[in-house]
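> quick one, fold the following:
(6 chains)
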6 protein chains.
Amino acid sequence: MIDTKTTADVLSQALPYIQRFRGKVVVVKYGGNAMSDEMLSAQFAEDVVLMHSVGIKPIIVHGGGPQITELMARLGKTTEFRDGHRVTDAESLDITRMVLVGKVSRDIVTLINRHGPLAVGVSGEDAGLLLATARHPELGFVGDVEAVNPTIIERLLAEDLIPVVSSIGTDEEGQAYNINADTVAGALAAALDAEKVVYLSDVEGLLEDVTDPTTLISRVTAIELEQLVSAGIVGTGMIPKVAACVHAVRHGVHSAHMINGTTPHVLLLEIFTDSGMGTMVTSGELS
Amino acid sequence: MIDTKTTADVLSQALPYIQRFRGKVVVVKYGGNAMSDEMLSAQFAEDVVLMHSVGIKPIIVHGGGPQITELMARLGKTTEFRDGHRVTDAESLDITRMVLVGKVSRDIVTLINRHGPLAVGVSGEDAGLLLATARHPELGFVGDVEAVNPTIIERLLAEDLIPVVSSIGTDEEGQAYNINADTVAGALAAALDAEKVVYLSDVEGLLEDVTDPTTLISRVTAIELEQLVSAGIVGTGMIPKVAACVHAVRHGVHSAHMINGTTPHVLLLEIFTDSGMGTMVTSGELS
Amino acid sequence: MIDTKTTADVLSQALPYIQRFRGKVVVVKYGGNAMSDEMLSAQFAEDVVLMHSVGIKPIIVHGGGPQITELMARLGKTTEFRDGHRVTDAESLDITRMVLVGKVSRDIVTLINRHGPLAVGVSGEDAGLLLATARHPELGFVGDVEAVNPTIIERLLAEDLIPVVSSIGTDEEGQAYNINADTVAGALAAALDAEKVVYLSDVEGLLEDVTDPTTLISRVTAIELEQLVSAGIVGTGMIPKVAACVHAVRHGVHSAHMINGTTPHVLLLEIFTDSGMGTMVTSGELS
Amino acid sequence: MIDTKTTADVLSQALPYIQRFRGKVVVVKYGGNAMSDEMLSAQFAEDVVLMHSVGIKPIIVHGGGPQITELMARLGKTTEFRDGHRVTDAESLDITRMVLVGKVSRDIVTLINRHGPLAVGVSGEDAGLLLATARHPELGFVGDVEAVNPTIIERLLAEDLIPVVSSIGTDEEGQAYNINADTVAGALAAALDAEKVVYLSDVEGLLEDVTDPTTLISRVTAIELEQLVSAGIVGTGMIPKVAACVHAVRHGVHSAHMINGTTPHVLLLEIFTDSGMGTMVTSGELS
Amino acid sequence: MIDTKTTADVLSQALPYIQRFRGKVVVVKYGGNAMSDEMLSAQFAEDVVLMHSVGIKPIIVHGGGPQITELMARLGKTTEFRDGHRVTDAESLDITRMVLVGKVSRDIVTLINRHGPLAVGVSGEDAGLLLATARHPELGFVGDVEAVNPTIIERLLAEDLIPVVSSIGTDEEGQAYNINADTVAGALAAALDAEKVVYLSDVEGLLEDVTDPTTLISRVTAIELEQLVSAGIVGTGMIPKVAACVHAVRHGVHSAHMINGTTPHVLLLEIFTDSGMGTMVTSGELS
Amino acid sequence: MIDTKTTADVLSQALPYIQRFRGKVVVVKYGGNAMSDEMLSAQFAEDVVLMHSVGIKPIIVHGGGPQITELMARLGKTTEFRDGHRVTDAESLDITRMVLVGKVSRDIVTLINRHGPLAVGVSGEDAGLLLATARHPELGFVGDVEAVNPTIIERLLAEDLIPVVSSIGTDEEGQAYNINADTVAGALAAALDAEKVVYLSDVEGLLEDVTDPTTLISRVTAIELEQLVSAGIVGTGMIPKVAACVHAVRHGVHSAHMINGTTPHVLLLEIFTDSGMGTMVTSGELS
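Numbers count the residues shown, from 1 in each chain, chains lettered A, B, ... in the order given. All right, here's what the predicted structure looks like:
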């Protein structure tokens, strides 16, 4: 039983944040264990609906690497990675699209829609959302974001819906490409003038020493972050996420966050409390 | 320091209420010690702004009996009461208007506007809001609510403003009358199809035995309430409040509440928690 | 080289149809060879865009039986059919969703979007579009349409987009079901007050004698159609389509059409010429 | 009995003015004898309603010095003036607000609303209308206009209501100040791009020789007016009014007028006749 | 020189009428000497613009009998009348259209547009305004009003324009007909829910004794008017006008008026004074 | 009987044009034999309605020289031409207006309205559409276009109506003038940011050798056209048309066309086929 004072304190503390974020876009990159654990994913959906209910406009971007690898395996395809990218031939692309658009996105939509008919799955191919270019001939249909046409997302937001975006894009000729979901989240946040882009992963945030959770970096500017990368302190796996954070805050997004998706209701805690969670990246122009 | 689990619990519990009350009108009758204590009144204003920030449309109705009596005394006027009503001659009416519209309303507007330019003082005379008739010749300019023209309030709500209403009305000829603020709150709630009307006073709610706070009646229907009145269990001072509650729930208001304004943040606790506060009155049609 | 007279004749003949269908909804069930042949599918997409360009609001509903069977086979699942329905366990449902939403829908969206960012893939799960109930316990996750909430489709149409609908629905608990696409097309047409619902298949239309293409039935009323079914003249495979046609025209859809998707530009010919194509079903109330 | 020719002449002459002022804002500073005489004040209200009925958007700004002084006296407070300003301590401010917002504004609202539910009392505190700063520490809560946020007024005008503004402002912390009503009228006119600001007082207008009514200055430019002030021709009591006129016409207001509020229907005569009334001030840029 | 009191009186008296008629439609049938006299027609145009400037929505319907006769004569056509109707063959119809639409309407538009780009000539043929049927085979292209489609007029009014309507209609096949302008004015007034329809002619109004101007009937109900017709008191030439008045007030028009167009500014005097002018017809339901 | 392939080809070819011209304004100057031949004029009206039905916003501008000359003759007026302009005294102007506004425009409106209540006759005098100045004192009321106020046309287009414009303008004093219809069409196209202005005449287009139809110039830039004029290759009668084409394309109109109005459905062929018809003039800036 929570006493009235504590209840009132929590609600009162949340006030300025609810006021400040009302009507603002928050892009959430959803992935990792938060996605595979049933209770965590249910809580995630609940948090998204809560954000929505107080007037925030959440957009979910999801990955699905492990699920792709699994279906590839079942279909007898071996996955080759180069520089952290999955080499993607036509058949792999088909499998990728099926998993992302036809399975992972569906599961997220279902979780959210238990609270009401709010979520809509969107592929980056729909209505020209993500214009892609090939990253490198050797990688096949692995793409970079060339441009974002956010109209379809804006229309869904205007109708108070919650878009769940799969990171597939198309080039000018309509050829589809698989794009890194971290990158897509940052590009969408920038194109939509988002207030925040939030990355859920399996770690607390950025650590000065990956082996020591007490070395969490709470706040960091884009420049400092680039210096950490140069100094080799940021692990390779984090590079796309970190680059996406820097891109976002340099294109008008107020802050980017790397938080631990395995903490229950971490999204609420990050958004509605004074202390926040994980690592916050800002452009640093006012720091 | 509140732990993350408690924080998340409170926020999660508030979710369905925020969702449910979004866009709904809540009329709050404000008075008693909650109005004269500086900290309580600051918390009241904060709560009103929080409600507003999550899309609820609060309307404040205020009384001001003690303040009227005080100015009357300073001006050498003695106050005569009949049947609980202040006998009001032309000069008393002038004083009443000055105190309610020119002082009490102003103070509430000021408290709310510390959080932003949200509150607007409105007298029942403005734009024909409250049409009044004389209650009894012997009472002078004491009026009953004949009709409510809620247009001005609807316009202010449409502009996301918070009306602070003084309980003065006018008759067809433009003569002003002082009206009981409890009654005005109920009539406004009915006219505006409010979700709730909430009365803040100095007691926990309706007690079966006024001397025993453990006899609080948590839920009661309009019919039961009328039976309690007939049985003499409701004190005389509570009659107008109780009548206003019954009137409101019988004219489409979902529930009426009598709560203790001296509990810090009681408004938040009533609205955003499962347990609620004080006494809730419903029409009883679905009980 | 087409002479100017012929050109003018064709354009002039199309005039009353363009005028009449402007702003009207036309639901097209797309399937069969028209979907697997590259040239036919490109022409199909072109026709849909033409319809759209003259103010018609097309909605595509697609099936994907052969593609589902193929992926099932590759994943070592055998498909069992009962009464023409694919028995669908949880894994089969996952595969079905991946194929329909993640592959077939994607391919159609891509074809249309070569002409501009118009198409948007929608699953019946999105924003509560299709409410499903289990058809029969033995069939697993095979569903019937319980209700249609067409809001998401109406919103996309209002934005001049072309919805491509996958025939997956969800029940009240959010459990997904595979639904017959013919049925979905008819139900959507009825829910959206469509002008027409058009079924593309591999035959000319309804034949009195399936072995003799000259016995094509050009026009038929709902009642006559039911008599043909009773008389055993309609083949089993056509039953859901025929039932969907009858349902649609009895719920306000002006006409239902069964046409041959392998005739180039058959959609244009059906819609914009006096003679029409295939079999037209009407409610018969004015025949 | 007025003959038809005269009637037609008056109506015809009014035509170009009605056409020209339709939809324009006219700020009227109301005060002096026009406010205390019952017939004059009824005619004033009638004129305001007439202006409103032909599409002009009137805003009333009122003072109330004598009424404040009177209540101060009754409450045993003595009024001290320095440089023409009433030294205002916290209690005086309370009294000032009560008189202006709770009495004078109420009386004007009542007079106008006899013609229909049109007038709404507004304090400069409402919705952040008037941002004030202290004029001088020795004067207490006497304020200057720091900025005008005309949103609340614009909203009321958009709803075809007539705002009656009391000249109280608040500073950033929410502390209230009493502001000169002449100054407020000019600042509001400037902030609202008014067509005219009209000052009603007890004299014909600006006289070259105050003792000789035949020396009325009919038209004067802002520069000429400043020269008259420098030359000592304008009396001290007129300085705030004259400064407000100059401020208004230099900030986009087309003309400022000083007219005699004791002439019956002077507002109509000023606005709807070729000859106008009193003294008209223009920016002089086109003179 | 008109004194200020008279000016104020006229303006004040006009107030309730301006308020009452704002946004209301007034159909004016314009004809007779008021149309041929240069000064009267200029004053008529001025009055129409004044009405418009105070928010009334005037519609002018005009005839042109004498001008038609004149052009007929110049072109060597003789005019035959039967029962007061001009027998109209195809050539006469062409001449009628040229005179009404190409000359009379043009002249009225020109007069009004000297005050601003307000007037727009409209023929009853435009956008299907007047659906006509032949009155009698022997009369040729003389039509009756079968139905009014007021959409084009409503659109022009919505854009604050002043329609000037020529009384030509078309039947279902597009054949044009000449229709009595008095009848058209009444039918338009009824179809547009007009406040008033006003007929300008060369007499004071309806006289009990046509030879005695002092026998003017100021007010009359529809029933009384029909009795006057039965009693033979209304002259033959007045019958269509009288029938149109009765039709209008029985279909929702508040009042119909027959006034003397040769009185300067008679339109203003009728509309904006207590005494009114000429004869007023009401439905009599409240008399 | 046209085969399905040809039908599909024509419809498919029309697709990009329908898409491209949707919502665009196309001004059509209508005149010559296309206007006097009954079948051609019916086809013209049909084409205009078809263009309208696919979302193009057509505006018709018409001349009427021969019809004016004819009525002049019948009325015993002789027509004098100077430099190709009809010398126009007051009576000639009256006749011109009657013919253009009261006859030619009426006939076009009638033809179009057989397909529905779409067309509305507009004179350049209506709502200040065409501001004119006298061309030369000796020519009388022959005017040039001084300015275009396209508001009335924009309003009619916004209501999905088809304006039929007669080429009469007025000067500042309201005096009417007859203006060359070719010039008016070009000026309207420029003022309305039209996509195209199309001139229908009795020849194929611009010929290098007027006696040899095989020397048709299919495409020409404004500069090249001016050179052709300088070189004396363009006949005198074509000069106003050619000048209007050059004016239009230099003021934002995408292309101007001179086509043969005697080719059946030439408007459809020009607009909806790859090959187009006649001569197309462009600004040449991108050629």
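> so what pLDDT did the residue of chain A found nearest chain D get?
Scanning chain A for proximity to chain D using CB to the nearest CB identifies A:Gln19 as nearest, at 15.6 Å. Backbone N, C-alpha and C define where each C-beta goes, glycine included. At A:Gln19, the model reports a pLDDT of 75.
> can you tell me the closest non-neighbouring residue to it?
B:Ser53 (4.2 Å; CB to CB, 6 or more residues apart in numbering or on different chains).
> shouldn't the one you found be in contact with A:Ser12?
No: between B:Ser53 and A:Ser12 there is no contact under CB atoms under 8 Å: 11.3 Å.
> of the two, who's got more company?
The residue with more neighbours, out of B:Ser53 and A:Ser12, is B:Ser53; 22 against 16, by other CB atoms under 10 Å in any protein chain shown.
> which SS class is A:Gly284?
Classification of A:Gly284 using DSSP: H, G, I helix; E, B strand; the rest coil returns coil.
> what are the ranges of the helices in the stretch 51-200 of chain A?
Taking DSSP state H, counting those that start in this stretch, the helices of the stretch 51-200 of chain A run over residues A:65-74, A:90-99, A:105-113, A:151-158, A:181-191.
> closest to chain F out of those?
Ranking those by proximity to chain F (CB to the nearest CB) places helix A:151-158 first, at 17.7 Å.
> relative to helix A:181-191, how tilted is the closest one?
Interaxial angle, helix A:151-158 versus helix A:181-191 (axes from the mean of the first three to the mean of the last three CA atoms, to 10 degrees): 70 degrees.
> low-confidence regions, chain A specifically.
A:1, A:286-287 (pLDDT under 70).
> same thing but at 80, please
The model of chain A has pLDDT under 80 over residues A:1-2, A:15-16, A:19, A:83-84, A:235-237, A:275-276, A:285-287.
> so the longest helix along it versus helix B:4-21, what angle?
Ranked by residue count and defined by DSSP state H, the top helix of chain A is helix A:4-21. Here helix A:4-21 runs at an angle of 60 degrees relative to helix B:4-21 (the same axes, to 10 degrees).
> what residues of helix A:4-21 count as buried?
A:4, A:7-15, A:17-19, A:21 (16 or more other CB atoms under 10 Å in any protein chain shown).
> just checking, what packs against that helix?
Contacts defined by 3 or more CB pairs under 8 Å, 6 or more residues apart in numbering or on different chains; DSSP states H and E place helix A:4-21 against helix A:266-272, helix B:4-21, helix B:38-53, helix B:266-272.
> could I have the second one exported to CSV, CA atoms only?
Coordinates of the C-alpha atoms in helix B:4-21 are reproduced here as CSV (Å, rounded to 0.1, in the frame of the first residue of the first chain):
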residue,chain,number,x,y,z
THR,B,4,11.6,3.1,-9.1
LYS,B,5,9.0,0.4,-8.5
THR,B,6,6.8,2.6,-6.4
THR,B,7,7.1,5.4,-8.9
ALA,B,8,6.2,3.1,-11.8
ASP,B,9,3.3,1.7,-9.8
VAL,B,10,1.8,5.1,-9.1
LEU,B,11,2.2,6.2,-12.7
SER,B,12,0.8,3.0,-14.0
GLN,B,13,-2.2,3.1,-11.7
ALA,B,14,-2.9,6.7,-12.9
LEU,B,15,-3.0,5.5,-16.5
PRO,B,16,-6.6,4.4,-16.9
TYR,B,17,-7.9,7.5,-15.1
ILE,B,18,-5.8,9.9,-17.3
GLN,B,19,-7.1,8.1,-20.3
ARG,B,20,-10.7,8.1,-19.1
PHE,B,21,-10.9,11.7,-18.0
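> residues contacting whatever residue of the stretch 1-150 of chain A ends up closest to chain B?
Distances between the stretch 1-150 of chain A and chain B by CB to the nearest CB are smallest at A:Ala8, namely 3.6 Å. For A:Ala8, the contact set (CB atoms under 8 Å, 6 or more residues apart in numbering or on different chains) comprises B:264-265, B:268-269.
> now swap in A:Gly31 and tell me
By CB under 8 Å, 6+ apart, the neighbours of A:Gly31 are A:62-64, A:181, A:200-201, A:261.
> make it 10 Å
With contact set as CB atoms under 10 Å, 6 or more residues apart in numbering or on different chains, A:Gly31 has these partners: A:61-66, A:104, A:181-182, A:185, A:199-202, A:241, A:261.
> contacting residues for A:Arg97?
A:Arg97 neighbours (CB under 10 Å, 6+ apart): A:68, A:123, A:125, A:141, A:166, A:168, A:176, A:178, C:98, C:101-103, C:105-107.
> out of these, which is most surrounded?
Among the contacts of A:Arg97, the one with the most neighbours (other CB under 10 Å) is A:Ser166, at 37 neighbours.
> grab the nearest non-local neighbour of it.
A:Leu100 is the one closest to A:Ser166 (CB to CB, 6+ apart), at 4.2 Å.
> thought A:Ser53 was touching A:Ile112, still the case?
No: using CB atoms under 10 Å, A:Ile112 is not in contact with A:Ser53; the gap is 11.9 Å.
> separation between A:Asp107 and A:Arg22?
29 Å (CB to CB, to the nearest Å).
> tell me the residues of the stretch 1-150 of chain A that contact chain C?
Proximity of the stretch 1-150 of chain A to chain C, by CB under 10 Å from any CB of the partner chain, involves residues A:71, A:74-76, A:94-107, A:109-123, A:125-129, A:131, A:149.
> from the residues you listed, keep the buried residues only.
Applying 16+ other CB under 10 Å to the residues of the stretch 1-150 of chain A next to chain C, the neighbour count classes A:71, A:94-107, A:109-115, A:117-123, A:125-129, A:131 as buried.
> does A:Ala189 touch A:Asp182 like I think?
No: if you go by CB under 10 Å, A:Ala189 and A:Asp182 don't touch, sitting 11.0 Å apart.
> need the residues touching each of these two.
Common contacts of A:Ala189 and A:Asp182 (CB under 10 Å, 6+ apart): A:29, A:61, A:197, A:244-245.
> closest to A:Asp47 among those?
Nearest to A:Asp47, judged by CB to CB, of the shared contacts of A:Ala189 and A:Asp182 is A:Lys29 at 14.2 Å.
> tilt between whatever helix or strand the closest one lives in and helix A:151-158?
Using DSSP states H and E, A:Lys29 falls within strand A:25-30. For strand A:25-30 against helix A:151-158, the angle by the same axes, to 10 degrees is 110 degrees.
> centre of the chain to strand A:25-30, how far?
How far strand A:25-30 lies from its chain's middle: 5 Å, per CA atoms, centre = their mean, to the nearest Å.
> direction included, what does it pair against?
If you go by DSSP bridges, strand A:25-30 pairs up with strand A:57-62 (parallel), strand A:196-201 (parallel).
> contacts only, for whichever residue of the stretch 101-250 of chain A sits closest to chain F.
Nearest residue of the stretch 101-250 of chain A to chain F: A:Gly128, at 15.6 Å (CB to the nearest CB). By CB under 10 Å, 6+ apart, the contact list for A:Gly128 reads A:147-149, A:151-152, A:169-170, A:174, C:113, C:116-120.
> got these as JSON lines, with distance to chain D columns?
Formatted as JSON lines, these follow (distance: CB to the nearest CB, whole Å):
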{"residue": "A:Ala147", "distance to chain D": "38"}
{"residue": "A:Val148", "distance to chain D": "34"}
{"residue": "A:Asn149", "distance to chain D": "34"}
{"residue": "A:Thr151", "distance to chain D": "31"}
{"residue": "A:Ile152", "distance to chain D": "33"}
{"residue": "A:Gly169", "distance to chain D": "43"}
{"residue": "A:Thr170", "distance to chain D": "45"}
{"residue": "A:Gly174", "distance to chain D": "48"}
{"residue": "C:Asn113", "distance to chain D": "43"}
{"residue": "C:Gly116", "distance to chain D": "39"}
{"residue": "C:Pro117", "distance to chain D": "37"}
{"residue": "C:Leu118", "distance to chain D": "38"}
{"residue": "C:Ala119", "distance to chain D": "41"}
{"residue": "C:Val120", "distance to chain D": "37"}
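> perfect, I'm done here.
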